[in-house]
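Trainee: Sequence isn't available, so here's the structure alone:
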């Protein structure tokens, strides 16, 4: 079935380092991918998105890379800060899903240490 | 912009009672609203998709008679958990979609934590 999964459930980094969170997806027909950040007890917060016709997209301190050949998505956070500590989810929108349905990955917890 | 609110933020109820959760898009009209459930340390699972004035589309395994969804307007959707039981205790999150550069982007509410005793 369709699934979006992550390689690492927990990632610990030092403040100031760069973080890379990975995600593998299984539906090659998906055309839109999003990264969300979820802090404890809160709803997911949109970080950055990318369409399948792109390989890379940059935002403020964040970069998303898409490798369609191996169906891999990554989120890079530059100069990680304590406020970046949260659970990060990748999500995909399968073309056949309808209503832009999102399928979420399992999530990666990012812990930033001073 | 694109702010979504939920009410209540948390609720405790007795087993067998019904609980209604509201989801509102505060500064925009949402084409579609979605309801998710999230158990501790797990990902979000889509429960249903609703469009204003239409019946909700439920995901496989989600009981439509237990999780009643009413989408009365372009800014309000409600989820009613009927005859709640302890296993319904969870974090319920709604989202509302907004067209952004040709793509519908979902913005999420803050969630409602339900505890059924």
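Mentor: Okay, I see it. Bear in mind that the values here come from a model prediction, so they are computed numbers and not experimental data.
Trainee: hey, let's count contacts and neighbours off CA atoms from now on
Mentor: Noted.
Trainee: Any regions of chain B where pLDDT drops low?
Mentor: Residues of chain B meeting the criterion pLDDT under 70: B:1, B:100-103.
Trainee: Excluding residues flanking it in the chain, which one is nearest the closest residue to chain A within chain B?
Mentor: Using CA to the nearest CA, the single residue of chain B nearest to chain A is residue B:110, 4.2 Å away. Counting by CA to CA, 6 or more residues apart in numbering or on different chains, residue B:110 lies nearest to residue A:43, which is 4.2 Å off, once chain neighbours are set aside.
Trainee: Surely the one you found is in contact with residue B:109?
Mentor: Yes - under the criterion of CA atoms under 8 Å, residue A:43 makes contact with residue B:109 at 5.6 Å.
Trainee: Check the contact lists of those two and give me the overlap.
Mentor: Shared contacts of residue A:43 and residue B:109, defined by CA atoms under 8 Å, 6 or more residues apart in numbering or on different chains, comprise residue B:93.
Trainee: Against chain B, how distant is residue A:57?
Mentor: Here the distance between residue A:57 and chain B works out to 15 Å (CA to the nearest CA, to the nearest Å).
Trainee: quick one: that residue and residue A:74, what's the gap?
Mentor: As judged by CA to CA, to the nearest Å, residue A:57 and residue A:74 stand 11 Å apart.
Trainee: So these two - more neighbours on which side?
Mentor: For residue A:57 against residue A:74, the residue with the higher neighbour count under other CA atoms under 10 Å in any protein chain shown is residue A:74, and the figures read 19 against 15.
Trainee: Residue A:46 contacts residue A:39, doesn't it?
Mentor: No - counting by CA under 8 Å, no contact exists between residue A:46 and residue A:39, whose distance comes to 11.8 Å.
Trainee: ok, back up a step: how many residues are close by the residue of chain B closest to chain A?
Mentor: For residue B:110, the neighbour count with other CA under 10 Å is 25.
Trainee: go on, residue A:89?
Mentor: Every residue meeting other CA under 10 Å relative to residue A:89 is counted, giving 30.
Trainee: Ramachandran angles for it?
Mentor: The phi and psi values for residue A:89, taken as degrees, to the nearest 10, are phi -120, psi 140.
Trainee: quick one: it from residue B:87, how far?
Mentor: Taking CA to CA as the measure, residue A:89 falls 24 Å from residue B:87.
Trainee: In contact with residue A:75, which residues?
Mentor: When the contact criterion is CA under 8 Å, 6+ apart, the partners of residue A:75 are A:19-22, A:35, A:62-65.
Trainee: where's it, which helix or strand?
Mentor: In this structure, residue A:75 is located in strand A:72-77 according to DSSP states H and E.
Trainee: so what strands line up beside that strand?
Mentor: According to DSSP bridges, the neighbouring strands of strand A:72-77, each with its direction, are strand A:19-25 (antiparallel), strand A:62-67 (antiparallel).
Trainee: for the shortest one, what is the average pLDDT?
Mentor: The average pLDDT for strand A:62-67 rounds to 97.
Trainee: what separates it from the chain centre, distance-wise?
Mentor: 8 Å (CA atoms, centre = their mean, to the nearest Å).
Trainee: what residues does it touch?
Mentor: Residues outside strand A:62-67 that contact it (CA under 8 Å, 6+ apart): A:48-50, A:52, A:54-58, A:72-78.
Trainee: Specify which member of the residues you listed is nearest to chain B.
Mentor: For these, the nearest to chain B is residue A:49 (9.1 Å; CA to the nearest CA).
Trainee: ok, now how distant is that closest one from residue A:37?
Mentor: With distances defined as CA to CA, the gap from residue A:49 to residue A:37 amounts to 12 Å.
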